[in-house]
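Asker: Mind looking at a prediction? Sequence and model below.
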Amino acid sequence: LVAAEMHAEAKPYLEPLPMEGEASAQLRIRHGRYYLAISRSEEDLKIKRDHQIESADLFSSVAEDSTVDATERTRSVTLLTQLLPDLPHTWTTTWRQRVFADSGEVGQALLSQLGSQARAQIQNRASNPANRLKILQSIRIAVDTLLDQIGDDIGPWQASIDALAIAFSDEANLSLGKPISLPANRHARQMIRPRDLVDATPDQRWLQAIAPSLRQACALATIACAARADEPDRAMDALRALVDDPAVDISELASVLISEWSRNLDPNRPDDDFFERRIVTASGVFFSSFGGQRSAPLTRSKQRRSLRHLGEVVAELREMKVPDLDWAALVDAFAASHSQAEVYLREDIEALFGPVDQLPVEVAEQLAKRMWRQLQRNWRSPELQQSKGTRRTTQELQQEVERGYQLGLLLTAYAREKAADSWQALMLAGNLRFDLAEYWHELDPDLERYVPQREAAFARYSDAVRIYSEQFKVGNEPRAVTPHIQWFISALGATELGF
């Protein structure tokens, strides 16, 4: 019956536990498995909890008995580890404090079992994410209790702490869609959502206790998981804990924080809040089931909120003196914070990056490139403006588009001042001027404004190609067709030339 896992049915045949003296390890384990089996079918929660505690007391008595054979002690720890997530917090806290004290033989066995379970589960393609999450939560609690007991005296616990950190990193990277140490056909198919995993992430103490060679990888997984889950404060806590640590690349950690968190800054993404889902109908009724267009005021409000939060994070990164901020990630985050219908404002750029005339060249160029692409499509589209509920008139839309072109040209002008030997800013200026000319021609077929603007664009292309050729000849630029082909494509599309 026991071999068939029919522990409840085996009870009538079990030797009873002695009233006095110590029962054998095997008998205690069998009675523990009996109580565990009947707890699973018990509907009364109080009785169920009592049976679980009786089972845990029997398993722990074997695990902590130094006179018992090592095999039976290990078996008891294995059974108890599976039961821990269902036990009362007071019982588990007291037990963990006890087993992590002194030599900690049982504690070491517990951590080993948790690590083995985590590894076995992630290697099982059919494993349940909820079960894997429970194991990770148990790991986090166990490590917290261990560090409460031992403080900074890691000593013999180092290998266990590192192994559990690797187990967390693998699960976090699987959740984030990043590479892990297992082949694709050897890991779980279903992932734990980052928002569920975030409570199991290592805290400051655990990160600092991990071996230096593993700390960067675990910190990256921790920060990425918290940022993806829209928990920037948790991510910043982890970053702050390691800012002065020579074993980590703080710039890479900050870059991951910004790039992962930027996914949550998009004001165009769906929101579960009813009031964020409201729409405007012709009758003024704000219910999503009635049709109508989306409410722009809420999108703009979310945009302002996203930009404010991003600014606060960047300000703290600067205060921490993070070297080599990832400007590309910051520009992506800035762009992600905007509604698809809203042209960038100079004051928003300056609030995040500083005065436009002092921007690093790469920032000015990336912002100008973003603006050029959006001005070609979304920002000038009346259909998009209507779908986003901006309610701008045709004249107001034209003013916004022209303001966008002027801001983009201003950014390229400042970039050219700082990098006279770079062709990229000139090429972007040519693109912006050419597209502005074509936009004017769409509004008014008269060529009076069009021709000077188109000529100015081609002059920028000419200068860009000249500078590229000069830099290529001296070995400062790789071979590329972009400078020439952009000019060629624009010439083909020029309305006045009629190719």
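Answerer: Great, that's in hand. Being a predicted model, the structure only gives us computed values, none of them experimental.
Asker: Give me the below-cutoff pLDDT ranges for the protein.
Answerer: Low-confidence segments of the chain (pLDDT under 70): 102-103, 268-298, 496-499.
Asker: Going along the chain, name the strands of it.
Answerer: 279-280, 293-294 (DSSP state E).
Asker: dump the residue contacts of the residue at minimal distance from the centre of the chain.
Answerer: When C-alpha atoms, centre = their mean is applied to the chain, the residue found nearest the centroid is Arg228 (2.4 Å). By C-beta atoms under 8 Å, 6 or more residues apart in numbering, the contact list for Arg228 reads 175-176, 194, 260-261, 263-264. Yep, even glycine has a C-beta here, placed from its N, CA and C like the rest.
Asker: Which residue is the nearest non-sequential neighbour of Leu242?
Answerer: The shortest distance from Leu242 to any non-neighbouring residue, by C-beta to C-beta, 6 or more residues apart in numbering, is to Val248 (4.9 Å).
Asker: Now for that neighbour: which residues touch it?
Answerer: 215-216, 219, 242.
Asker: likewise Tyr439?
Answerer: Counted by C-beta under 8 Å, 6+ apart, Tyr439 has contacts 375, 380, 401, 405.
Asker: quick one, helices of the stretch 251-400 of the chain?
Answerer: 296-319, 327-336, 346-353, 361-376, 382-387, 394-418 (DSSP state H, counting those that start in this stretch).
Asker: Tell me how far the residue lying closest to Thr74 once chain neighbours are set aside lies from Leu147.
Answerer: Excluding its sequence neighbours, the residue lying closest to Thr74 (C-beta to C-beta, 6+ apart) is Ala109, at 6.0 Å. Separation of Ala109 from Leu147 (C-beta to C-beta, to the nearest Å): 18 Å.
Asker: now swap in Ala333 and tell me
Answerer: 34 Å.
Asker: more crowded one of the two?
Answerer: Ala333 (26 against 19; other C-beta atoms under 10 Å).
Asker: Dump the helices of the stretch 251-400 of the chain into TSV; add distance to Gln158 as well.
Answerer: As requested, the helices of the stretch 251-400 of the chain are exported to TSV (distance: least, C-beta to C-beta, whole Å):
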stretch	distance to Gln158
helix 296-319	31
helix 327-336	34
helix 346-353	42
helix 361-376	42
helix 382-387	56
helix 394-418	49
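Asker: out of these, nearest to Asp170?
Answerer: Among the helices of the stretch 251-400 of the chain, helix 327-336 comes nearest to Asp170, with 24.5 Å by C-beta to C-beta.
Asker: Show me what that closest one is packed up against.
Answerer: helix 250-261, helix 296-319, helix 346-353, helix 361-376 (3 or more C-beta pairs under 8 Å, 6 or more residues apart in numbering; DSSP states H and E).
Asker: Please state the offset of that helix from the chain centre?
Answerer: 15 Å (C-alpha atoms, centre = their mean, to the nearest Å).
Asker: If you count neighbours, what's buried in that helix?
Answerer: 327, 329-336 (16 or more other C-beta atoms under 10 Å).
Asker: Please apply the same query to stretch 250-264.
Answerer: 250, 253-262, 264.
Asker: Switch the residues you listed over to a markdown table; also include distance to Thr482.
Answerer: Below are the buried residues of stretch 250-264 laid out as a markdown table (distance: C-beta to C-beta, whole Å):
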| residue | distance to Thr482 |
| --- | --- |
| Ile250 | 34 |
| Leu253 | 33 |
| Ala254 | 30 |
| Ser255 | 26 |
| Val256 | 29 |
| Leu257 | 32 |
| Ile258 | 27 |
| Ser259 | 25 |
| Glu260 | 30 |
| Trp261 | 31 |
| Ser262 | 26 |
| Asn264 | 33 |
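Asker: Now flag whichever of those is closest to Leu432.
Answerer: Of the buried residues of stretch 250-264, the one sitting nearest to Leu432 (C-beta to C-beta) turns out to be Ser262, at 24.7 Å.
Asker: Against Ser301, how distant is the closest residue to the closest one other than its chain neighbours?
Answerer: In space, and not counting its chain neighbours, Ser262 is closest to Ala333: 3.7 Å by C-beta to C-beta, 6+ apart. Remark: distance between Ala333 and Ser301 (C-beta to C-beta) = 18 Å.
Asker: re earlier: wait, isn't the residue nearest to Ser262 in contact with Glu260?
Answerer: No - if you go by C-beta atoms under 8 Å, Ala333 and Glu260 don't touch, sitting 9.8 Å apart.
Asker: The nearest residue to Asn431 once chain neighbours are set aside and Ala315, how far apart?
Answerer: Excluding the flanking residues, the one nearest Asn431 by C-beta to C-beta, 6+ apart is Trp372, at 5.2 Å. In this view, Trp372 and Ala315 are 28 Å apart by C-beta to C-beta.
Asker: swap in Met6?
Answerer: 63 Å.
Asker: Helices along the stretch 51-200 of the chain, start to end?
Answerer: For the stretch 51-200 of the chain, the helices defined by DSSP H, counting those that start in this stretch cover 70-83, 89-99, 105-122, 129-150, 158-176, 194-197.
Asker: What about Leu409, how many residues nearby?
Answerer: 19.
Asker: excluding its backbone neighbours, what's nearest it?
Answerer: Leu432 (5.4 Å).
Asker: Quick check: the one you found vs Trp327, distance?
Answerer: Between Leu432 and Trp327 the computed distance is 20 Å (C-beta to C-beta).
Asker: Next, count neighbours for the nearest residue to Ala126 once chain neighbours are set aside.
Answerer: Nearest residue to Ala126, sequence neighbours excluded (C-beta to C-beta, 6+ apart): Arg189, at 7.2 Å. Counted by other C-beta under 10 Å, the residues lying close to Arg189 total 12.
Asker: what do you get for Leu164?
Answerer: By other C-beta under 10 Å, neighbour count at Leu164 equals 25.
Asker: same question, Thr93
Answerer: For Thr93, using other C-beta under 10 Å, the count is 15.
Asker: Now do the contacts for it.
Answerer: Contacts of Thr93 by C-beta under 8 Å, 6+ apart are Thr145.
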